[in-house]
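> sharing a model that was predicted from the sequence below.
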Amino acid sequence: MCGIVGYVGKKSVVDILTDGLEQLEYRGYDSSGIAVMCKDDIKVYKAVGKLKNLREELKGHENEFASSTMGIGHIRWATHGAPTVLNAHPHTCNCGNLVIVHNGIIENYKELKENLIKLGCIFRSETDTEVVAHLVARKYSQCNDLTEAVRLASKDIEGAYALCVMHNDCKQKLVITKRNAPLVVGVGLNEFYAASDVPAIIKHTNKAVYLSDNQIATLTPEKMELIDGDGNKIEPKAEILPWEPVALSKMGYKHFMLKEIHEQPDVIRNILVGRLHAPDENVVLDEVKLTKETLKNLNRIQIIACGTSLHAAMIGKYLIESFCGIAVDVEASSEYIYRKTVTDEHTLVIGVSQSGETADTLTAIKQSKAKGSHILIITNRPDSAMAREADSLIPVSAGIEVSVAATKSYVAQLMAFYLLALYMAEIKESMAVSDLTSLKAELMILPQKIEQILAHKDDIQRVAKCYANTKDFIYIARGINYPTALEGALKLKEISYINATGYPAGELKHGPIAMLDETMPVLSILMNGSVYEKLLSNSEEAKARNARMIALTNSKDEKLNDLFENIIRVPDVQELFSPIIAMIPLQLIAYYIAEFLGKDVDQPRNLAKSVTVE
Ligand code: AGP
């Protein structure tokens with residue numbers, strides 16, 4: 001997590017840095033800071049909390065940096081040390097001549113720190129980053145070359161980092177490098193930008209160079225020089241970024257989350273383009289690079305993911321197992337990486353990640369790759385670290401998702417699983433053609449059904465408000481919608497801080513039912529299909545304990561009015577697609593409750609969009 005930016009060129013730098021950091025606020029917002037090359041020397045400005053505090057801090061200092069055209073900036077998600085000004089980046093060496101911003105974790109910082117203290121370095125912060133400032137400064141004092149100093153220092157560092165470095169001796173030079181953390185260089189005319197992510201630069205340029213691990217770039221207004229970790233020259237390869245600056249605007253919505261919820265019908269249409277033309281045609285999924293023969297004989301799949309992506313993976317398991325009869329295991333990446341797994345070259349490993357940068361999933365992917373598994377990545381970021389590890393890559397094309405709470409990327413991940421499961425079922429001939437045709441026909445009309453739900457969002461808002469002051473919230477479901485219950489609960493707790501939990505309804509009686517009384521809202525995801533009657537009985541059991549019952553349903557059953565104090569009705573849909581239809585009202589409930597409570601919907605406390613620490 002954390003976000004870094006850098007700029008060297010001819011333009012006034014401070015607005016570029018602060019605007020860039022604003023676009024990276026999704027990566028953390030515990031503190032922020034910039035370092036700017038002013039007339040005589042580098043000046044550092046920092047503030048605790050959100051970026052607006054840094055903007056306040058900068059007021060009154062305009063004369064100092066009015067003509068500055070080079071600088072670096074940082075937005076922090078605290079790992080080592082509390083969110084204080086002292087711990088905020090940029091960090092400096094003893095004499096303050098060298099400044100540095102860092103995203104990642106320096107794993108061997110303690111031993112480096114001990115050595116540096118022995119050599120006379122004075123530490124002012126509790127961060128792991130400060131060791132890098134001192135380390136590079138010491139190397140610089142030996143070689144008098146900033147690029148070489150960064151290269152030598154990086155040899156001593158273990159862990160993950162993206163770094164931007166400036167030195168008072170080099171008035172027009174930025175040195176940047178990375179290992180296991182994202183870093184992109186934006187290429188302009190007589191100017192270069194550096195950033196942890198595209199949103200920070202896309203307003204200025206769509207031409208970019210992605211650094212590979214251990215590469216070091218030296219940026220001056222005129223040129224970018226790139227070397228590898230051994231000092232060999234590399235020709236930078238620029239690519240055109242697919243992002244549109246407009247994607248970063250709220251487009252009139254109060255929050256990005258609400259905008260992103262509304263984008264979901266188009267997200268589904270986008271992912272279907274070129275992959276599903278008509279119900280009676282086969283799914284085209286050229287991104288899957290396994291041969292048909294291998295797919296036919298596949299008998300084990302392992303899916304790894306975190307958070308919302310993990311919930312999408314759980315539904316993916318359900319789909320693949322029911323469409324194709326292939327056994328699928330799903331595991332949280334953070335658990336998968338610390339145990340002896342039986343993944344091997346006969347296992348297809350699917351990694352699911354919105355950001356493509358989540359450290360736990362990335363590590364899990366690398367571990368399975370080392371064991372010879374074919375790696376299929378489902379991500380919204382085809383330019384991410386995970387995408388680069390992929391043997392097969394399914395980009396979900398949801399467009400950039402700014403709100404920390406994932407919404408449209410989740411629905412897009414589900415769509416990727418529907419297409420994958422259908423594609424494999426067609427190859428394996430594991431389903432009747434008529435069933436496949438009917439599923440594909442329904443898939444193609446999902447966007448209209450979501451639009452119907454969005455058209456009645458005021459009704460959902462009304463229901464949501466009834467429960468805004470509750471402390472706890474339970475979601476129950478069965479079968480394919482059990483992960484929907486988990487995801488609905490995750491959305492609510494992420495942005496409203498209400499203690500929400502999802503349960504498989506059949507488990508209620510094994511413990512959770514003890515919590516039910518007249519204060520507890522229980523939302524039952526009661527979709528027509530194989531478990532409808534069972535879930536209805538479980539809802540009756542909860543009602544018998546006086547819980548405040550809410551139904552989310554596509555049933556027209558009038559009897560429900562007696563059982564539930566509120567009913568949210570959604571369009572009818574085949575059970576297999578109900579996770580998509582059910583999810584939209586759950587996202588809206590979470591949104592409206594958080595909005596009603598006045599919470600910071602797009603940037604909830606303690607969270608970050610891209611979790612690049614294990
Ligand atoms: C989603 O609302 C969450 N913020 C979070 O659980 C997220 O899904 C998780 O951190 C995984 O991220 P990824 O999809 O980018 O790998």
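Done, it's in.
> secondary structure element holding whatever residue of the stretch 451-600 of the chain ends up closest to the ligand?
Closest residue of the stretch 451-600 of the chain to the ligand, CB to the nearest ligand atom: Glu494 (5.5 Å). Every residue, glycine included, has its C-beta placed from N, CA and C. Using DSSP states H and E, the element containing Glu494 is helix 482-496.
> what's the following helix or strand after that helix?
Sequence-wise, the next helix or strand downstream of helix 482-496 (DSSP H and E) is strand 499-504.
> what is the mean pLDDT for that following strand?
Regarding strand 499-504, the rounded mean pLDDT is 97.
> one more: stretch 271-280?
Mean pLDDT, stretch 271-280: 94.
> what residues does it touch?
For stretch 271-280, the external contacting residues (CB atoms under 8 Å, 6 or more residues apart in numbering) are 283-285, 396-398, 412, 415-416, 419, 437-438, 440-441, 443-444.
> which positions in it come out as buried?
Along stretch 271-280, these residues count as buried under the neighbour rule (16 or more other CB atoms under 10 Å): 271-272, 275-276.
> hmm, Cys38 is touching Ala66, no?
No: between Cys38 and Ala66 no contact is recorded; they are 9.0 Å apart, counting by CB atoms under 8 Å.
> that older thread, the ligand: which of the buried residues of stretch 271-280 is nearest?
Distance from the ligand was checked for each of the buried residues of stretch 271-280 by CB to the nearest ligand atom. The minimum falls on Ile271, at 16.1 Å.
> leaving out sequence neighbours, find the closest residue to the closest one.
Met415 (4.6 Å; CB to CB, 6 or more residues apart in numbering).
> residue in the stretch 301-450 of the chain nearest to the ligand?
Distances from the stretch 301-450 of the chain to the ligand, computed as CB to the nearest ligand atom, single out Gly307 as the nearest residue at 1.9 Å.
> and for that residue, the neighbour number?
A count of nearby residues for Gly307, using other CB atoms under 10 Å, gives 23.
> so who does it touch?
Listed by CB under 8 Å, 6+ apart, the contact set of Gly307 reads 406, 490.
> go again with 7 Å.
Listed by CB atoms under 7 Å, 6 or more residues apart in numbering, the contact partners of Gly307 are Leu490.
> what does Val330 give?
Taking CB under 7 Å, 6+ apart as the contact definition, Val330 lies against 303, 313-314, 317.
> in strands only, show me those.
Those of those mapping onto strands are Ile303, per DSSP state E.
> with distance to the ligand and pLDDT added, can I get the contacts of Val330 in TSV?
Output for the contacts of Val330, formatted as TSV (distance: CB to the nearest ligand atom, whole Å; pLDDT from 0 to 100):
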residue	distance to the ligand	pLDDT
Ile303	12	98
Ala313	10	98
Met314	13	98
Lys317	16	98
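> give me the element the spatially most central residue of the chain is part of.
When the chain is reduced to its mean C-alpha position, the nearest residue by CA atoms, centre = their mean turns out to be Ser355, at 3.8 Å. Under the criterion DSSP H and E, no helix or strand holds Ser355.
> that one touches Ser384, doesn't it?
Yes: Ser355 is within contact range of Ser384, at 6.4 Å (criterion: CB atoms under 7 Å).
> around the ligand, pick out the residues from the protein.
Residues of the chain lying near the ligand by CB under 6 Å from any ligand atom: 306-309, 353-355, 358, 361, 404-406, 494, 607, 611.
> recalculate using a threshold of 5 Å.
Contacts of the chain with the ligand, taken as CB under 5 Å from any ligand atom, map to 306-309, 353-355, 358, 405-406, 611.
> now, which of the residues you listed sits nearest Thr218?
When those are compared for distance to Thr218, the smallest value, 28.0 Å, is given by Ser355; criterion: CB to CB.
> burial measure for the closest residue to that closest one other than its chain neighbours, as a count.
Excluding the flanking residues, the one nearest Ser355 by CB to CB, 6+ apart is Ser610, at 4.4 Å. Residues near Ser610, counting by other CB under 10 Å, number 27.
> same check on Glu335?
13.
> next, it: phi, psi?
phi -90, psi -40 (degrees, to the nearest 10).
> equivalent analysis for Thr553, please.
Given degrees, to the nearest 10, the pair of backbone angles that Thr553 has is phi -150, psi 150.
> residues in contact with the closest residue in space to it that isn't next to it in sequence?
On the basis of CB to CB, 6+ apart, the spatially nearest residue to Thr553 that is not a chain neighbour turns out to be Leu526, at 4.2 Å. Remark: with contacts taken as CB under 7 Å, 6+ apart, Leu526 is in contact with 532, 535-536, 539, 551-553, 555.
> equivalent analysis for Tyr418, please.
With contact taken as CB under 7 Å, 6+ apart, Tyr418 is in contact with 319, 443.
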